[in-house]
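Chemist: Sequence first, then the predicted structure, then my questions.
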Amino acid sequence: MSIPSSRQNLIDWCMRQLGHPVTEVNLDIDQIEDAVDSAMQYYTDFHQDAVERWYMKHQITADDITNQYISIPENIIGVTRIFPWGSTNASVNMFDLRYQLRLHELYDFTSTSYVNYAMTQQHIRTLDLLFSGETPIRFNRHTDRLYIDWDWNTKVDVDEWIIIEGFIIVDPDVYTDVYNDRLLKKLLTAYLKRQWGTNMKKFEGMQLPGGIKMNGQQIYNEAIQEIAEIEDLIRKSHEDPPMWILG
């Protein structure tokens, strides 16, 4: 069996499932490409294997401060939070609480218990969440802009770094195993079948030589049922909770 490893391989595999080349599948090349785009869009929107957790470092520029947002790559579908990282010229502050804890409480891993250090760090984090909280962010994948709701004039400086956490679409042209995903192949086959049925419905009842009659409506109805079952399976069994990917 030929394993799809490219967009064209995937198309060829699905067309064979519909009977090609033994059976003539009446589809235009543009209709096939549209079906592939629709299947890939549904797959990346709802299948957990189509995206992965992603971290991007970004150095603040003067334009970022003026615009009060950060431009995000187009293949990012969600941003969950940010981590301020500091300036490249920042030095260690010896009066910092965490520095003092490491210096006095955790100077030797072999003879010092780290339990007190771990509990103190959790306590500091809790206080930070109570009094400061997470930095509010707003992101929409259609605008490709990450809005950070802080005072851009005092909270951050030019050349300071931040780390952005989110979810990125797995590029199928780089990781070609995506094209061999079982549900993606089934979904695309059903989409192609639906379009084939739509094309053939206008010839409903037409009699061919030998007494054979065309039945595009049946092909269409079968495809609609298959699409509903496959999409429902993806949503119920392979979709991450929405809050995981929303910014």
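Modeler: Noted; the coordinates are in hand.
Chemist: Going by C-alpha atoms from here, please, whenever you check contacts or count neighbours.
Modeler: Will do.
Chemist: shouldn't residue 235 be in contact with residue 47?
Modeler: Yes: counting by CA atoms under 8 Å, residue 235 touches residue 47, with 7.3 Å between them.
Chemist: Tell me which of those two has more neighbours.
Modeler: In this comparison of residue 235 against residue 47, neighbours counted by other CA atoms under 10 Å, the higher total goes to residue 47 at 20 against 16.
Chemist: Let's see the pLDDT reported for that one.
Modeler: Turning to residue 47, the model gives it a pLDDT of 94.
Chemist: quick one, phi psi at it?
Modeler: Summarising the backbone geometry of residue 47 under the convention degrees, to the nearest 10, its torsions are phi -100, psi 130.
Chemist: can you check residue 71 too?
Modeler: Note on residue 71: its backbone torsions stand at phi -80, psi 130 [degrees, to the nearest 10].
Chemist: Neighbours of it, how many?
Modeler: The tally of other residues near residue 71 (other CA under 10 Å) stands at 13.
Chemist: now do residue 229
Modeler: 12.
Chemist: all numbers from here: first residue = 320
Modeler: I'll keep to 320 as the first residue from here, and by that count the last item is residue 548.
Chemist: now it: how far from residue 366?
Modeler: Taking CA to CA, to the nearest Å as the measure, residue 548 falls 15 Å from residue 366.
Chemist: Equivalent analysis for residue 375, please.
Modeler: Counting by CA to CA, the separation of residue 375 from residue 366 is 22 Å.
Chemist: distance between the top helix by length along the chain and the chain's centre?
Modeler: Using DSSP state H to assign secondary structure, the helix with the most residues in the chain is helix 535-556. Using CA atoms, centre = their mean, to the nearest Å, we find the averaged C-alpha position of helix 535-556 to lie 23 Å away from the chain's own average C-alpha position.
Chemist: How about stretch 388-400?
Modeler: Taking mean C-alpha positions (CA atoms, centre = their mean), stretch 388-400 and its chain are 11 Å apart.
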